[in-house]
Structures are given as structure tokens and as C-alpha cells.
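Chemist: I would like to see how this sequence folds:
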Amino acid sequence: SGFTFSAPYYYDGMTYAGNETFIECAERKMRYGICSSLSICVYADGTSLKYVSSYFPSGLYTTTSSTDEMAISMENGTCNVLATEMSMILGSEALMSYSIGNKQFTKGPHAIVTRNTDQEFSDVINWVLQALFYGEEQGLTKNATLCAKTTNVTSLASELNYLNAVYCVGSYKDLYYFPGNRGMNRINNGTNMHHPIPFGALDYAFDAKTSNWDDFGQRSGSTFSDIIIDTKLNCGVFVQSGNDAERLAIAGLSEDYCRTMSAALFYGNYEAVNLLNFSSSDEAFLALQNGTIDVLTGTTVEKSRDFGGYDFSTPYYYKSGTAKEVLIAFAIATREDDSLFSSFVNCAVLAVIYAEESGIDQVPLSSIFGSKMRWSLRDAVSYSESYDKLFAKH
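Modeler: Residues are numbered from 1 along each chain as shown. Here you go, the predicted structure:
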């Protein structure tokens with residue numbers, strides 16, 4: 001068994017703090033002139049250290065194991081700049097006393113983690129978060145009159161009053177305690193809605209040189225395994241009615257995500273896919289339910305479907321600007337019968353977005369899906385290349 005992650009509720013990131021002159025040196029990666037005296041204390045949390053060590057010689061930085069040690073090193077002159085996640089700085093009075101840079105150089109999405117043995121509960125957690133975001137967008141806030149404090153609730157998770165989270169506790173804005181520019185933690189305004197996120201160690205099994213590959217990859221009889229055996233992906237495309245340019249573009253983009261999935265599954269072969277078009281959403285989901293298709297593209301994220309036995313990937317297209325305009329998010333739907341396959345589909349979608357920012361060659365290897373699938377995410381972007389290039393085709 002594994003874990004399910006909610007939508008991120010906070011994007012953290014490494015920033016610099018300390019002497020303003022040397023903050024600028026660090027941000028501009030300068031090491032000459034006055035910047036030759038740059039000395040960085042970096043929190044050895046992995047992400048921050050990896051970033052700093054990629055841009056500065058080891059003689060210019062010192063690792064610390066706690067914010068207290070970092071504060072002492074700043075005070076005694078060992079360092080003139082510190083590098084760690086913004087949340088670590090804001091959580092320390094000593095570090096807050098220094099000037100703080102206004103740029104973040106890494107992304108650290110924080111989310112709620114649940115076991116993947118109860119998908120319905122995981123869905124509940126995620127929709128509570130969505131209610132908090134929606135509450136801020138709609139200008140809702142804590143309201144004792146509307147707060148329904150009762151333990152007499154429906155047995156159907158899809159019918160829970162998720163706005164109770166807002167009325168009884170507050171919207172996302174009410175819960176956001178961090179000062180300054182919210183950056184990626186702002187509610188969307190219709191721009192920059194695709195955020196690449198770090199994948200983490202998807203190749204750790206290979207790095208460990210494990211000989212027990214049975215612990216990784218598809219299980220016999222699973223959806224994932226059956227697709228590999230069939231050597232074909234059956235990919236549904238829900239085509240909305242109408243002939244306007246945006247609808248046609250969404251249909252074309254959805255078909256290309258089918259080919260991206262095929263490339264990911266079959267060593268770069270983007271033609272190992274059967275495309276089945278549907279004009280009815282109900283018929284499309286029925287085909288997914290009964291196994292006629294393995295995945296469904298061109299569909300929108302809906303709460304009723306999410307609680308109806310389906311998983312949705314990270315959205316690959318947003319039709320309108322903000323929640324006040326009834327945000328419509330297009331994603332790939334899978335059945336909930338194989339959590340590993342649903343995760344694989346989601347990673348393939350994220351890989352295309354990740355390649356846009358970091359480059360195709362930076363998309364990680366992923367032995368966690370099995371030794372034969374180690375190159376799958378790079379195979380996915382071998383067809384799609386990056387999100388902008390995929391989007392520009394339509």
C-alpha cells in the first residue's frame with residue numbers, strides 16, 4: 001500500500017536572508033568583487049542544499065542542522081547570508097530579524113497525506129481543501145450563523161456540506177498566516193495555473209540496486225499489467241458538442257495526451273493507442289467503468305464523478321479564468337481499481353508540465369513503476385516535448 005496526496009495547500013521554497021548586499025550576490029549568483037566575501041549558511045534539508053551546491057563552490061557555503069545553529073552562525077559571522085525554506089525563516093524570531101530576499105528558488109508543495117487504502121476518505125480531504133480555496137475566491141469567511149455544528153451527517157461523502165469548513169473555520173485566506181507576498185499561494189487569477197512540482201526520488205529502487213523487483217511495478221491482474229500485456233492503450237476522448245476553436249483545440253490536445261500516455265507505456269511508441277471518441281459524458285464514463293477504455297481524456301473534474309469510483313489527474317487544461325467564472329478543469333480520468341496506474345497517469349501529465357520549466361533531460365527516471373518502466377516519463381515527453389509545444393499544436 002502507499003499514500004495519496006491532496007492538492008497542495010502551501011508552496012514553500014528556498015530563499016535567502018541576511019545582509020542585503022550579499023542577498024543580492026547570492027540571488028544573482030555572483031562571486032567576484034564585493035561578492036567574493038559571500039558566505040552562505042544552508043539548511044541541510046536536501047532541497048536547499050542541492051540548489052546551493054549546484055551554483056556555488058563548497059568553500060562558499062556551510063551546512064547547518066537547525067535554525068538555532070543557523071542563527072548562531074549568522075551572529076558570529078560564519079555566514080552573511082542564510083538559505084532555507086521560507087517557512088523555516090518565518091518560524092524563527094532570530095532569522096526573521098534579518099532582511100529577507102523576495103525571490104524563491106525552489107518549490108516545496110505541502111499537502112495532506114492519507115493512506116491509499118480508502119480512496120473515498122482521501123477524496124473527502126481533497127474536497128475540503130477545494131472548499132477553502134473556493135471560499136476565498138467567492139469572498140466567503142467564517143460565519144457562525146451558517147456553521148452547521150452537528151454529527152448527524154449524510155452517509156454519502158459526495159453530499160457532505162464542504163462549505164462548513166469555511167463557515168466554521170474560515171476560507172484559505174483566513175488560514176494563511178504568512179506575511180508578505182503570497183507568490184504561488186495566491187488564489188488563481190487566470191494566469192500561470194500550471195505549476196511544475198518536484199517529483200522526488202522516483203528512481204530510488206534502482207539507486208539502491210535492489211534485487212527484489214517484485215516490490216515495485218504493476219501487480220498481476222491489475223489494470224496497469226493488463227495494458228502492458230495487451231500492448232495497446234484504449235484511450236477515450238470525450239468531445240464536447242460545438243465547433244468553436246476552443247472545443248476543437250481541447251479535443252486535439254486530449255488526443256495528444258492519449259499519445260503521450262502511449263509513449264510512456266510502450267517505450268516511446270506513441271502510436272500504440274486506440275482512440276475512441278465519445279459525444280456523451282455518461283457513455284464515456286460507462287465505457288471507462290466497464291473496461292472498454294483504460295483512460296478517459298477530454299473530461300472535466302467533477303465532485304460526483306470523483307466520489308463515483310474514478311480518479312482525476314492533475315488538470316492539463318483550464319477553460320476559464322477564475323472560480324468566480326466557474327473554473328472548468330480538464331483532466332484524465334481513470335478507475336479507482338489500480339492506484340499505481342492512476343499515479344502513473346498523473347505523473348505523465350506532470351512530466352509534460354515539468355519539462356516546460358526544467359527541460360526534457362531533467363524529467364526523472366522512475367523505477368518505482370517497475371524496472372521496465374524506468375524511462376517511462378522521459379518516453380512521455382519524447383513525444384509531447386513540453387506543455388507549450390503540445391499546446392501550440394492546437
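
Chemist: phi, psi of the most centrally placed residue in the chain?
Modeler: For the chain, the residue sitting closest to the mean C-alpha position, by C-alpha atoms, centre = their mean, is residue 197 at 5.0 Å. In this entry, residue 197 is assigned phi and psi values of phi -120, psi 150 (degrees, to the nearest 10).

Chemist: which one is it nearest to, not counting chain neighbours?
Modeler: Among residues not flanking residue 197 along the chain, residue 109 sits closest, at 5.0 Å (C-beta to C-beta, 6 or more residues apart in numbering). Using the backbone N, CA and C atoms, a C-beta is placed for each residue, glycine as well.

Chemist: which stretches of the stretch 251-394 of the chain form helices?
Modeler: 281-289, 303-306, 339-358, 376-384, 387-392 (DSSP state H, counting those that start in this stretch).

Chemist: scratch that, the stretch 1-150 of the chain is what I was asking about
Modeler: Going by DSSP H, counting those that start in this stretch, the stretch 1-150 of the chain shows helices at 20-28, 47-55, 67-75, 86-90, 93-96, 119-137.

Chemist: reformat those helices as TSV; add mean pLDDT and mean neighbour count.
Modeler: Formatted as TSV, those follow (pLDDT from 0 to 100; neighbours: other C-beta atoms under 10 Å):
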stretch	mean pLDDT	mean neighbour count
helix 20-28	96	19
helix 47-55	92	17
helix 67-75	94	18
helix 86-90	88	19
helix 93-96	92	14
helix 119-137	91	20
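
Chemist: and these: which comes nearest residue 362?
Modeler: Nearest to residue 362, of all the helices of the stretch 1-150 of the chain, is helix 47-55, at 11.8 Å by C-beta to C-beta.

Chemist: ok, and what's touching that closest one?
Modeler: Residues outside helix 47-55 that contact it (C-beta atoms under 8 Å, 6 or more residues apart in numbering) are 14, 29, 40, 42-43, 61, 63, 83-85, 105-106, 108, 198.

Chemist: let me know the closest of the residues you listed to residue 270.
Modeler: Closest to residue 270, out of all of those and judged by C-beta to C-beta, is residue 198, at 26.1 Å.

Chemist: burial of that closest one, as a residue count?
Modeler: By other C-beta atoms under 10 Å, the residues close to residue 198 number 14.

Chemist: OK, contacts around it?
Modeler: 47, 106, 107, 108, 109.

Chemist: so how do I select the buried members of the residues you listed in ChimeraX?
Modeler: Burial among these is assessed by 16 or more other C-beta atoms under 10 Å; the matching ChimeraX selection reads:
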select :47,106,107,108,109
